[in-house]
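Peer 1: Following is a predicted model, sequence given first.
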Amino acid sequence: MIVHFIAIGGSAMHNLALALHNKGYVITGSDDTIFEPSKTRLDVKGLLPEVFGWFPEKITKNLDAVVLGMHAKADNPELLKAQELGLKIYSYPEFLYEQSKHKTRVVIGGSHGKTTITSMILHVMHYHDRDVDYMVGAQLEGFDVMVKLTDDNDFMVLEGDEYLSSSIDRRPKFHLYKPNIALLSGIAWDHINVFPTYKGYVKQFEIFLDSIVKGGSITYNEEDIEVKRIVDASENAIRKLPYQTPKYSVVNGQTLLETPEGLLPIEIFGKHNLNNLAGAKWICQHMGIDEDDFYEAISTFKGASKRLEKIAVSNNSVAFKDFAHSPSKVEATTNAVKEQYQNHTLVACLELHTYSSLNAEFLKEYKGTLDAADVAVVFYSPHAVEIKKLEAITKKQIATAFERDDLIIYTNPDDFKQFLFLQDFNNKALLLMSSGNYGGLDFEEVKELIF
């Protein structure tokens with residue numbers, strides 16, 4: 001097959017292009033700009049466009065399919081040409097479904113935890129040499145690519161994102177996969193630029209439940225009230241299999257998981273991650289991994305990239321970087337680090353960087369999320385608010401939203417950096433939460449603070 005990618009440089013798109021190239025497809029593509037690591041990874045495989053930009057002449061009748069990335073707008077010249085020629089145009093999730101429609105599809109959904117749970121499942125499968133197709137939203141240790149597609153594997157494991165599919169397909173991605181085996185980890189309002197009401201956001205998960213094939217199953221976190229409510233209410237003819245956080249303890253900074261064979265030391269920590277582990281265990285069992293083999297494999301799992309990633313450690317201090325930005329993730333991550341390092345002073349820093357987090361109306365969702373921190377810091381860029389064309393927010397609004405009198409707030413990257421570099425990190429745990437980089441913070445320099 002000859003497949004053309006419009007916006008080939010995206011994180012998801014370039015991984016799909018690489019997967020199809022590895023499968024033997026002929027791949028072409030365009031983009032107006034491509035950043036690292038996508039640029040180098042495409043170049044190594046000979047897939048990097050020679051010139052950046054949009055070129056309608058690349059769109060010809062001999063193309064078997066066109067894959068449209070989220071970055072490409074509805075008036076994209078290549079898209080318009082493809083529509084004019086009547087070519088088959090797929091969104092990213094549509095094409096993944098086409099590649100997996102004859103397989104058993106395992107879809108991991110939820111507002112939080114889906115990347116980690118998907119990563120856990122893939123780690124266990126890899127550990128036991130069980131080859132599966134997959135799509136995951138993070139680079140995993142031991143895996144060369146984030147998307148793998150074959151003709152032979154029985155299972156396809158998919159991280160089920162609720163964000164939109166493309167500029168001409170406004171359905172959430174996870175509505176298109178039609179899972180045989182599904183998991184729902186939790187529901188916490190996010191993406192308010194697309195789902196402006198909580199009710200509208202929750203509706204997307206109800207549709208997801210309805211999309212599970214008849215006779216399939218939903219493994220769900222029964223500790224999440226909203227998840228339990230919509231699963232109980234679903235009239236889809238599927239099996240409903242609840243899970244909950246397993247028993248565990250923290251001894252001298254080591255998390256011990258209670259198993260039928262006794263206490264098991266594990267690399268990950270935090271109640272939310274133990275809850276994720278419970279969900280992953282049930283999915284792996286659905287896929288033919290018995291309980292003992294799951295525990296053996298999961299004890300070596302160190303976490304997904306950018307999820308509670310330990311970036312530095314010394315005899316009495318430690319630093320973590322985490323992708324957390326939504327309220328539920330910020331609270332869970334902050335609580336996890338404090339629980340694991342109870343005898344350390346926790347300095348928790350959060351960058352408000354996403355559309356939702358910089359929305360004045362949404363800010364109130366952050367109430368109490370940093371309460372577990374001994375020192376709580378929020379950084380945001382007024383320029384980022386302008387770029388996103390949002391109403392300006394003030395330090396007072398942020399302080400009021402978090403309901404913490406001693407909250408430290410910075411809007412200047414240099415001031416925030418100076419704060420960090422003047423800290424004495426003796427007996428402290430540093431947690432840096434952001435989907436950005438605090439206006440240009442060099443994390444390699446931060447590591448030096450700990451040693």
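Peer 2: Cool, the structure landed.

Peer 1: which residues does Phe155 form a beta bridge with?
Peer 2: Thr104 (DSSP bridges).

Peer 1: From Lys81, how far off is Ser185?
Peer 2: Using C-beta to C-beta, to the nearest Å, Ser185 is found at 41 Å from Lys81. From N, CA and C alone the C-beta is placed, and that goes for glycine too.

Peer 1: Which residue of those two possesses the greater neighbour count?
Peer 2: Ser185 (26 against 19; other C-beta atoms under 10 Å).

Peer 1: in the stretch 51-200 of the chain, which spans are helices?
Peer 2: Listed in chain order, the helices of the stretch 51-200 of the chain (DSSP state H, counting those that start in this stretch) span 77-85, 92-100, 114-127, 198-211.

Peer 1: Where do the strands of the stretch 201-350 of the chain begin and end?
Peer 2: Along the stretch 201-350 of the chain, counting by DSSP state E, counting those that start in this stretch, strands occupy 217-221, 239-243, 248-251, 254-259, 262-266, 309-313, 318-322, 345-352.

Peer 1: could I get these as JSON lines with distance to Ala429, mean pLDDT and mean neighbour count?
Peer 2: Listed next are the strands of the stretch 201-350 of the chain as JSON lines, based on distance: least, C-beta to C-beta, whole Å; pLDDT from 0 to 100; neighbours: other C-beta atoms under 10 Å:
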{"stretch": "strand 217-221", "distance to Ala429": "27", "mean pLDDT": "98", "mean neighbour count": "24"}
{"stretch": "strand 239-243", "distance to Ala429": "29", "mean pLDDT": "98", "mean neighbour count": "16"}
{"stretch": "strand 248-251", "distance to Ala429": "13", "mean pLDDT": "94", "mean neighbour count": "13"}
{"stretch": "strand 254-259", "distance to Ala429": "15", "mean pLDDT": "94", "mean neighbour count": "17"}
{"stretch": "strand 262-266", "distance to Ala429": "19", "mean pLDDT": "95", "mean neighbour count": "14"}
{"stretch": "strand 309-313", "distance to Ala429": "10", "mean pLDDT": "90", "mean neighbour count": "15"}
{"stretch": "strand 318-322", "distance to Ala429": "5", "mean pLDDT": "93", "mean neighbour count": "22"}
{"stretch": "strand 345-352", "distance to Ala429": "5", "mean pLDDT": "96", "mean neighbour count": "24"}
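
Peer 1: out of the ones you listed, nearest to Ala138?
Peer 2: strand 309-313 (10.0 Å; C-beta to C-beta).

Peer 1: any idea of the angle the closest one forms with strand 318-322?
Peer 2: Relative orientation of strand 309-313 and strand 318-322, computed by axes from the mean of the first three to the mean of the last three C-alpha atoms, to 10 degrees: 160 degrees.

Peer 1: Span of stretch 359-370 from start to end?
Peer 2: Using C-alpha to C-alpha, to the nearest Å, the end-to-end distance of stretch 359-370 comes to 18 Å.

Peer 1: Report the buried residues of that stretch.
Peer 2: Asn359, Phe362, Leu363, Glu365, Tyr366, Thr369, Leu370 (16 or more other C-beta atoms under 10 Å).

Peer 1: ok, now stretch 138-156?
Peer 2: Buried residues in stretch 138-156, counted by 16+ other C-beta under 10 Å: Ala138, Gln139, Leu140, Val145, Met146, Val147, Lys148, Leu149, Asn153, Phe155, Met156.

Peer 1: With stretch 274-287 instead?
Peer 2: Applying 16+ other C-beta under 10 Å to stretch 274-287 flags 274-284, 286-287 as buried.

Peer 1: Just send those back as TSV, with distance to Phe174 and pLDDT too.
Peer 2: Shown next, in TSV, are the buried residues of stretch 274-287 (distance: C-beta to C-beta, whole Å; pLDDT from 0 to 100):
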residue	distance to Phe174	pLDDT
Leu274	24	97
Asn275	20	97
Asn276	17	97
Leu277	21	98
Ala278	21	98
Gly279	15	98
Ala280	17	98
Lys281	21	98
Trp282	19	98
Ile283	15	98
Cys284	20	98
His286	18	97
Met287	19	97
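
Peer 1: Take these and keep only those in helices.
Peer 2: Leu274, Asn275, Asn276, Leu277, Ala278, Gly279, Ala280, Lys281, Trp282, Ile283, Cys284, His286 (DSSP state H).

Peer 1: Would you point out the most distant pair within those residues?
Peer 2: Across those, no pair lies farther apart than Leu274 and His286, at 19.6 Å, counting by C-beta to C-beta.

Peer 1: Look up the closest residue to Gly303, ignoring the ones flanking it.
Peer 2: Closest residue in space to Gly303, ignoring its immediate chain neighbours: Ile268 at 5.5 Å, by C-beta to C-beta, 6 or more residues apart in numbering.

Peer 1: which residues sit in contact with the one you found?
Peer 2: Thr255, Leu274, Leu277, Phe301, Lys302, Gly303, Leu308 (C-beta atoms under 8 Å, 6 or more residues apart in numbering).

Peer 1: before we move on, what about Val251?
Peer 2: Val251 neighbours (C-beta under 8 Å, 6+ apart): none.

Peer 1: same question, Val67
Peer 2: Val67 touches Val3, His4, Phe5, Ile6, Met13, Leu16, Ala17, Ile89, Tyr90, Ser91, Tyr92, Phe95, counting by C-beta under 8 Å, 6+ apart.
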